[in-house]
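A.B. asks: Quick one, what's the 3D model for this:
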Amino acid sequence: MDRRAWSAYYTAKRIGQQWLQVELLNRLPVERVLEIGPHLGLVTAMLDNAGYDVTTLDRAPRAFDRPAGPHIEADLLGLRPEQVRGFDAILCSEVLEHLPWEAVPGVLRVLRASGAPILVVAVPYEAFQVLVSLTLNRHRVRQAVQFKKLRFLRRFPTEGGNHRWEVGYRGHGLGAWERLLRQAGWTIARREFTHPCRTVVHVLRAEDRGKGSG
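C.D. replies: Below you'll find the model as predicted:
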């Protein structure tokens, strides 16, 4: 693996999101985990070292050798439920925004039909927010201010990037995103925002079909 590429990707702004994925599984009845979109393997390694039985899924071969483990090579847009059966939880972080918005419900329904009782899904969050950070000691003063505003008035700029949408832009607010999750048959058990705040993470439970969609 290219160490420079690894370090360039796993920056301080991302590391909280990587940690949170594993932390959210804590105290849940989970042993077998399917991780969708493992990229360079940091979350895979954390899951493995935390004692989970982890399988990865991506449309290409794994980009890392360690930890060794099962890998499913499949495109989400053509995924079938039987390809991903037998897992206690599915992690899908910073993946779905690469797909067209109108294609996401179908993918969520396939994951629901797999029989997994828990889905942890994370997508970029760009709604109005203010982040202030201050570090002060006798040797160093460091401050950072991040201010995002008015994006709910704008359409997501599809040019110049590989994201097709992000939560917080016009037409893709948090309410619309959560309705989409529920309509796909999932119940929202928990919502978290990463720090620095750049991602919204939901812990979802498979809805009891006998109770309807509410």
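
A.B. asks: Output stretch 166-186 as CSV, nothing but the C-alphas.
C.D. replies: Presented in CSV, the C-alpha positions along stretch 166-186 are these (Å, rounded to 0.1, in the frame of the first residue of the first chain):
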residue,chain,number,x,y,z
GLU,A,166,-25.1,15.7,-0.1
VAL,A,167,-27.5,16.2,2.8
GLY,A,168,-28.1,19.9,3.5
TYR,A,169,-28.4,21.2,-0.1
ARG,A,170,-31.7,22.2,-1.7
GLY,A,171,-33.9,19.2,-2.2
HIS,A,172,-31.8,17.0,-0.1
GLY,A,173,-32.4,18.2,3.5
LEU,A,174,-32.1,16.0,6.6
GLY,A,175,-35.9,15.5,6.6
ALA,A,176,-35.9,14.2,3.0
TRP,A,177,-33.0,11.9,3.8
GLU,A,178,-34.7,10.4,6.9
ARG,A,179,-38.0,9.9,5.0
LEU,A,180,-36.1,8.0,2.3
LEU,A,181,-34.5,5.8,5.0
ARG,A,182,-37.9,5.1,6.6
GLN,A,183,-39.6,4.4,3.2
ALA,A,184,-37.0,1.8,2.5
GLY,A,185,-38.2,-0.2,5.6
TRP,A,186,-35.7,1.0,8.2
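
A.B. asks: Could you find the closest non-adjacent residue to residue 56?
C.D. replies: Nearest residue to residue 56, sequence neighbours excluded (Cβ to Cβ, 6 or more residues apart in numbering): residue 38, at 4.3 Å. In this view, the C-beta of every residue, glycine as well, is placed from N, C-alpha and C.

A.B. asks: mind listing what that neighbour touches?
C.D. replies: Going by Cβ atoms under 8 Å, 6 or more residues apart in numbering, residue 38 touches 44, 56-58, 62-64.

A.B. asks: any chance of the residues you listed in TSV, with distance to residue 177 and pLDDT too?
C.D. replies: Output for these, formatted as TSV (distance: Cβ to Cβ, whole Å; pLDDT from 0 to 100):
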residue	distance to residue 177	pLDDT
44	26	96
56	25	98
57	22	98
58	23	97
62	29	92
63	28	90
64	30	91
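
A.B. asks: Can I get the residues you listed in JSON lines including secondary structure and distance to residue 128?
C.D. replies: Shown next, in JSON lines, are the contacts of residue 38 (DSSP: H, G, I helix; E, B strand; the rest coil; distance: Cβ to Cβ, whole Å):
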{"residue": "44", "secondary structure": "helix", "distance to residue 128": "34"}
{"residue": "56", "secondary structure": "strand", "distance to residue 128": "35"}
{"residue": "57", "secondary structure": "strand", "distance to residue 128": "34"}
{"residue": "58", "secondary structure": "strand", "distance to residue 128": "33"}
{"residue": "62", "secondary structure": "coil", "distance to residue 128": "38"}
{"residue": "63", "secondary structure": "coil", "distance to residue 128": "35"}
{"residue": "64", "secondary structure": "coil", "distance to residue 128": "37"}
